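Trainee: Sequence and predicted structure, then a few things I'm wondering about:
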Amino acid sequence: MGSLISKRALVTAGAQGIGLAISRHLLAAGCDVFVHYRTSAEAAHALEPEATALGRRCGSAGADLTDTAGCDQLVAEAVNFLGGLDILVNNAGSLVARKLLAEADDAFWAEVMALNVGSLRRVTRAAAPHLIEAARTRSGASIVNLSSLAGRKGGHAGSLAYATAKGAVLTYTRALANELGPQGIRVNALAPGLILGTSFHNTHTTPESAQATVAGIPLGRAGTADDVARAVCFLASEYDGFITGATLDINGGVWAG
């Protein structure tokens, strides 16, 4: 069985919600972690003493991931702090707003695609040379992309642009797994369903909608950020070294693709 001890991970949007849980679980599993944030600087810095208590290191930096220079700078700072990069978790993304087809103009579509697909592509492109080096010298490297159940099913009303973007993340994951596999990098995706207690659902999901969704979940509950974070650690770790191009669905049984 492999281990995440001393692995070096970059987590985008890693200081709140699901991303924060991912950062904490990677630290607990033995990783040194570099956390990207956009506005959550205080929460990112608060992880540093937590990491120290675990005997690990945690750094952070703010960046606009819709900007190529910002992505390049973020990866450079992460690699400088960590001394390299073994794991990339592309967690950043947003619904932005619920809009039906007639309401979603070109600018809105471009914003949703830039946040959910473009940012992932830019960060991955900047990180790839460092992951390739880790795969060559440290027995493999791993990318985990965060998609959504919306990318599988199409999402609730007003999720058209977001669901399209998250579906693209799934295709991107499969294609990139084929491209980077020969260089020792595994690329997988997660597709979480209803994960309550996050800013995403606090902003975009009403209590009534959440209750109706939970009623249709076979396990009878919503998911938590920890449910997702545990799956990230599984896909990132060495012991599943033959898994690539896969999507792990975390939805309590709503979707079995």
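Mentor: Received, thanks.
Trainee: what helices or strands is the lengthiest strand in the chain leaning on?
Mentor: Counting residues, the longest strand found in the chain (DSSP state E) is strand 185-192. Here strand 185-192 touches helix 119-137, strand 141-146, helix 149-153, helix 160-180, helix 225-236, strand 247-250, going by 3 or more C-beta pairs under 8 Å, 6 or more residues apart in numbering; DSSP states H and E. Where C-beta positions appear, they are placed from N, C-alpha and C, glycine not excepted.
Trainee: contacting residues for the nearest residue to Glu111 once chain neighbours are set aside?
Mentor: Residue nearest to Glu111 in three dimensions, not counting chain neighbours: Val96, with 5.9 Å by C-beta to C-beta, 6 or more residues apart in numbering. Listed by C-beta atoms under 8 Å, 6 or more residues apart in numbering, the contact set of Val96 reads 108, 111-112, 115, 161-162.
Trainee: which one of those is nearest Ile250?
Mentor: Looking at those and their distance to Ile250, the nearest is Tyr162, at 17.4 Å (C-beta to C-beta).
Trainee: quick one: the closest one from Gly55, how far?
Mentor: In this view, Tyr162 and Gly55 are 39 Å apart by C-beta to C-beta, to the nearest Å.
Trainee: quick one, which of the two is more surrounded?
Mentor: Tyr162 (27 against 10; other C-beta atoms under 10 Å).
Trainee: which ones are touching the more buried one?
Mentor: Going by C-beta under 8 Å, 6+ apart, the list of residues near Tyr162 reads 94-96, 112, 116, 148, 150, 155.
Trainee: taking the residues you listed one by one, which sit in helices?
Mentor: Secondary structure defined by DSSP state H assigns 112, 150 of the contacts of Tyr162 to helices.
Trainee: for the record, mean pLDDT for whatever helix or strand Arg24 lives in?
Mentor: In this structure, Arg24 sits in helix 17-28 according to DSSP states H and E. The average pLDDT within helix 17-28 is 98.
Trainee: next helix or strand past it?
Mentor: Once the chain leaves helix 17-28, the next helix or strand it forms, by DSSP H and E, is strand 32-37.
Trainee: tilt between that next one and helix 17-28?
Mentor: Here the directions of strand 32-37 and helix 17-28 differ by 160 degrees (axes from the mean of the first three to the mean of the last three C-alpha atoms, to 10 degrees).
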